[in-house]
Each structure stands twice: as C-alpha cells, then as structure tokens.
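Asks: Dropping the sequence and predicted coords here.
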Amino acid sequence: HCPQLALKVFGNHSKYGLDLTLEAARPILHSLHLEHPIQDTITLTALFGVYKLPPVSSDLVCSALLMTACFKHATEESLAVARALVPSLQQLLEKTEPATMAMRDEDHGKPADKEKRWLAWTLKKIENALKGQELGFAWLRQWRIASGYAGYTGLE
C-alpha cells in the first residue's frame, strides 16, 4: 500500500540493498498504475533492466498493467507506448493457454489469484481502449472469452 516508498527503496539499491524481484514488482506496478503519475510506473519498469528482470513486454501481467496505465493517462507519449506494446501482448496471449489463467476457487487468496484478477481487469480495460482507438481487438476478445475473463466484473 506504499508503492512510492517501494519505488524509492528499489530505486536506490546502494542505500537500501534490497533486490527487486518479479514477484515484488508486480504488486508495486499494480499499485502505481492505479493512482499515481505515469512517470512512477515508467520508472519502475525501467528498474527491470537494472535488476536483470525479464523485460516488461515479456511478462503478461506486467505488460497488461503497463498498457493499462499508458491508455489511462492518454498523453500522446503514453498512447504511443501502449500501441507499441500491442504486438507483444498479442504474442504473449498466443503463447498462453487461456485455461491456465482461468480463475479457480481453490486459488482464492493466493498471489496467483490476485494476478489473474488484475489480468482480467486490465485486459478488459485494454480491449475498451483498443476499441476507442479504433485498433483491432478481436484477438483479445477471443482470448478473454476462452479464459472466462469476458464475464469478469471485478474492480481489480
């Protein structure tokens, strides 16, 4: 619940000595993209390279969170970033079997459950943004239906 503090700590490794992991980065990215300036989200994603994490564009959850933030802020620059991420999101979804990401009762309360809920919510936002930008989104709609996310109505 303190993403800007986390950003400060992970942004200054020499002072705090904490390593950023993908498991830690996802919830920070989720928190930042909701209510904080896009610059904070971009700063966190820039730290992925510093900590030798996979690129944001290669992680389904992180990529979707970043795209949602970029579409939400709707500046010329953020929209360009969001549009540039579309092909990598499409490739990630093509490589991800929808059934493996379905929300299951036995996962409730576990980190994977949160990430699936974040993904369901962000993919819905991305589909709406693609529609608003008059960009193709049939591939995304098809994946959302196959995964069961099309009916997801959660807030996050």
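Replies: Alright, I've got the coordinates. Quick caveat, the model's predicted, so the values are computed rather than measured.

Asks: If you count contacts, what does the longest helix seen in the chain end up packed against?
Replies: Assignment by DSSP state H gives helix 111-132 as the longest helix of the chain. Other helices and strands packing on helix 111-132, by 3 or more Cβ pairs under 8 Å, 6 or more residues apart in numbering; DSSP states H and E, are helix 22-35, helix 60-73, helix 76-95, helix 138-147. Placement of C-beta: from N, CA and C, glycine included.

Asks: buried ones in the shortest one?
Replies: The one in question is helix 138-147. 140, 141, 143, 144, 147 (16 or more other Cβ atoms under 10 Å).

Asks: That one: how far from the chain's middle?
Replies: 17 Å (Cα atoms, centre = their mean, to the nearest Å).

Asks: average pLDDT across that helix?
Replies: Throughout helix 138-147, pLDDT has a mean value of 95.

Asks: do the same with the second one
Replies: Looking at helix 60-73 alone, the average pLDDT works out to 96.

Asks: now the angle from that helix to helix 22-35?
Replies: Per axes from the mean of the first three to the mean of the last three Cα atoms, to 10 degrees, the angle that helix 60-73 makes with helix 22-35 is 20 degrees.
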